[in-house]
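Chemist: predicted coordinates and the sequence they were generated for:
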Number of protein chains: 2
Amino acid sequence: MKAVTILSGGMDSTTLAFAISSQHGGDEEGAIDQHFLSFNYGQKHKKELLCAAQIAKLLQCKHDIIDLSSVAPLLKGSALTDSQEVTMPEGFYAEENMRLTVVPNRNAMMLSIAWAVAIGEKADYVYYGAHAGDHYIYPDCRQEFVEQLSEAFFLGTYGLQDTVEFGKPQAIIAPFINIDKTEILKRGLKMGVPYELTWTCYKGGEVACGVCGSCCERLHSFYLNGVEDPLPYADRTSWKKAVEEHTGSSL
Amino acid sequence: MKAVTILSGGMDSTTLAFAISSQHGGDEEGAIDQHFLSFNYGQKHKKELLCAAQIAKLLQCKHDIIDLSSVAPLLKGSALTDSQEVTMPEGFYAEENMRLTVVPNRNAMMLSIAWAVAIGEKADYVYYGAHAGDHYIYPDCRQEFVEQLSEAFFLGTYGLQDTVEFGKPQAIIAPFINIDKTEILKRGLKMGVPYELTWTCYKGGEVACGVCGSCCERLHSFYLNGVEDPLPYADRTSWKKAVEEHTGSSL
């Protein structure tokens, strides 16, 4: 078995990479050989990509970084890529401000390339780490999207494997699509995922900022798991106030 | 009205670009403002891309070339991108040899990026020039694929336009999906499309070779339209023999 796994270097996809690896690692016959793909889509910083490379090395898997940076200048309106017009949101990871971090059709772009690579590499599946917590903010993290896209790709490459040296990937799989970040972390902690090697912060500072929406969500998840995040932070306390203000209850 | 149109610099997409332009050009209200996208996916030559730039200039539309060349080394098995392992097929444009020119999931990759750009540019539609003649060779040139992918992208970006400065593209449109190259050419000739500015040959020589599958198909289409192809060819006669051999009837 072979899989192409999208690995951003963040918590979710790293946990996914370890889950696939540990689930099948002990059994020769059921082992899944992963080929990791990371994407440079013009993020403001490249810390995640460096993390992804380290994770891939640790898991002894092939890793390629796909350069989509020529697309970035054409994607307007996202705080993740368009530094001049949109300001990175801070505080609680809620719909109203985190919508600014949407990169339109990002998952479709990454998955279409992952599917093409899966055909070339004769992989059976394409994995990615979309999860339930993102459903309301990112429409491309929903099950119906994954299914629809998977069918489209299957149709669009159907028959290729009959006459040329192509593989026949079966589907896009998003195993975390019905669980949230706290549950993903719970599973990851059980597997001993080295979260100190992952990067979540939307900013690219020396250490994670602790105040952007993404840092707040990460620190909150660790808190709910009763574990201290091994990553250094510039500010390790402000997230609580942001969450309390948003939810109206004290932690 | 605004559209993102995929323009390869070949006959089909150039005819499409002119069709959209001339259909709506005379009427201010119905005019479609086109933004052309071309893709460098590791083609063995870049002649098509130079042609696309010329066409865009002629039509006075925006044009961007998206660099997907980092994907190319991961796509195995295609004669269009993988020069070391697969030899470019010659002769009649038939299923058995032209399958080698498939770039797996190519249209899905290009369309996912075009859709992302359409959102950023607030375009209403994404156009591409897939046509009926390619159905049996390229599974991503079929109507059911276009519809399925269009729905997936719509789902994957649904709701974005409500809160941030994103557009809401309605669908991927492939107006030539039910006609073949000869019919496309017929329409293009009526519109006065400057085919001397397009490039079809799979090879990147000084002039078109006239013997690759793509040249044979182009020359055959011009022949069926009773018009001489304005493009210079290294060999302007061999295609006939190839077609006659394949069809068993003389031209």
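Modeler: Cool, got the structure. Numbers count the residues shown, from 1 in each chain, chains lettered A, B, ... in the order given.
Chemist: average pLDDT across stretch A:38-50?
Modeler: Across stretch A:38-50, the average pLDDT comes to 87.
Chemist: using the three-state scheme, assign the closest residue to residue A:74 other than its chain neighbours.
Modeler: Distances taken as C-beta to C-beta, 6 or more residues apart in numbering or on different chains put residue B:117 closest to residue A:74, at 4.6 Å, once the chain neighbours are dropped. Any C-beta I mention is one placed from the backbone N, CA and C, and that applies to glycine too. Of the three states, residue B:117 takes helix according to DSSP: H, G, I helix; E, B strand; the rest coil.
Chemist: give me the secondary structure label for residue A:64.
Modeler: Going by three-state DSSP: residue A:64 is strand.
Chemist: leaving out sequence neighbours, find the closest residue to it.
Modeler: residue A:37 (5.7 Å).
Chemist: now residue A:116
Modeler: Looking at residue A:116 with C-beta to C-beta, 6+ apart, the closest residue is residue B:105, at 3.8 Å.
Chemist: returning to that earlier point: is the residue nearest to residue A:64 in contact with residue A:113, as I believe?
Modeler: Yes. Assessed by C-beta atoms under 8 Å, residue A:37 is found in contact with residue A:113 at 7.0 Å.
Chemist: shared neighbours, the two?
Modeler: Contact criterion C-beta atoms under 8 Å, 6 or more residues apart in numbering or on different chains; residues shared by residue A:37 and residue A:113: residue A:66.
Chemist: in the helix or strand hosting residue A:223, which residues are buried?
Modeler: Applying DSSP states H and E as the criterion places residue A:223 in helix A:213-224. By 16 or more other C-beta atoms under 10 Å in any protein chain shown, the buried positions in helix A:213-224 come out as A:213, A:214, A:215, A:216, A:217, A:218, A:219, A:220, A:221, A:222, A:223.
Chemist: and the residue nearest to residue A:116, what does it touch?
Modeler: A:112, A:113, A:115, A:116, A:119, A:153, A:156, A:157, B:140 are the contacts of residue B:105 under C-beta under 8 Å, 6+ apart.
Chemist: TSV please, covering the residues you listed and showing distance to residue A:71, neighbour count and pLDDT.
Modeler: Converted to TSV, those look like this (distance: C-beta to C-beta, whole Å; neighbours: other C-beta atoms under 10 Å in any protein chain shown; pLDDT from 0 to 100):
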residue	distance to residue A:71	neighbour count	pLDDT
A:112	12	28	96
A:113	11	28	96
A:115	17	27	94
A:116	16	29	93
A:119	21	30	90
A:153	19	30	92
A:156	20	27	83
A:157	22	27	81
B:140	20	27	79
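Chemist: out of these, flag the one nearest to residue B:187.
Modeler: residue B:140 (22.6 Å; C-beta to C-beta).
Chemist: surely that closest one is in contact with residue B:103?
Modeler: No. Using C-beta under 8 Å, residue B:140 makes no contact with residue B:103, being 9.3 Å away.
Chemist: picking that back up, lowest pLDDT pick from the buried residues of helix A:213-224?
Modeler: Ranked by pLDDT, these bottom out at residue A:213, which scores 86.
Chemist: against residue B:114, how distant is that one?
Modeler: 29 Å (C-beta to C-beta, to the nearest Å).
Chemist: so which residues of the stretch 101-250 of chain A form helices?
Modeler: Taking DSSP state H, counting those that start in this stretch, the helices of the stretch 101-250 of chain A run over residues A:106-120, A:143-156, A:160-163, A:181-191, A:213-224, A:238-247.
Chemist: out of the ones you listed, which is the most enclosed?
Modeler: Of all the helices of the stretch 101-250 of chain A, helix A:106-120 has the most neighbours on average by mean count of other C-beta atoms under 10 Å in any protein chain shown, namely a mean of 27.
Chemist: quick one: it to chain centroid distance?
Modeler: 14 Å (C-alpha atoms, centre = their mean, to the nearest Å).
Chemist: what helices or strands is it leaning on?
Modeler: Other helices and strands packing on helix A:106-120, by 3 or more C-beta pairs under 8 Å, 6 or more residues apart in numbering or on different chains; DSSP states H and E, are strand A:2-6, strand A:33-40, strand A:62-67, strand A:125-127, helix A:143-156, strand A:171-173, helix B:106-120, helix B:143-156.
Chemist: pull the first one out as PDB, backbone CA atoms only.
Modeler: What follows is strand A:2-6, C-alpha atoms only, in PDB (Å, rounded to 0.1, in the frame of the first residue of the first chain):
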ATOM      1  CA  LYS A   2       1.200   3.500  -0.900                       C
ATOM      2  CA  ALA A   3      -0.200   6.900   0.000                       C
ATOM      3  CA  VAL A   4       0.400  10.500  -0.900                       C
ATOM      4  CA  THR A   5      -0.100  12.500   2.300                       C
ATOM      5  CA  ILE A   6      -0.400  16.300   2.400                       C
END
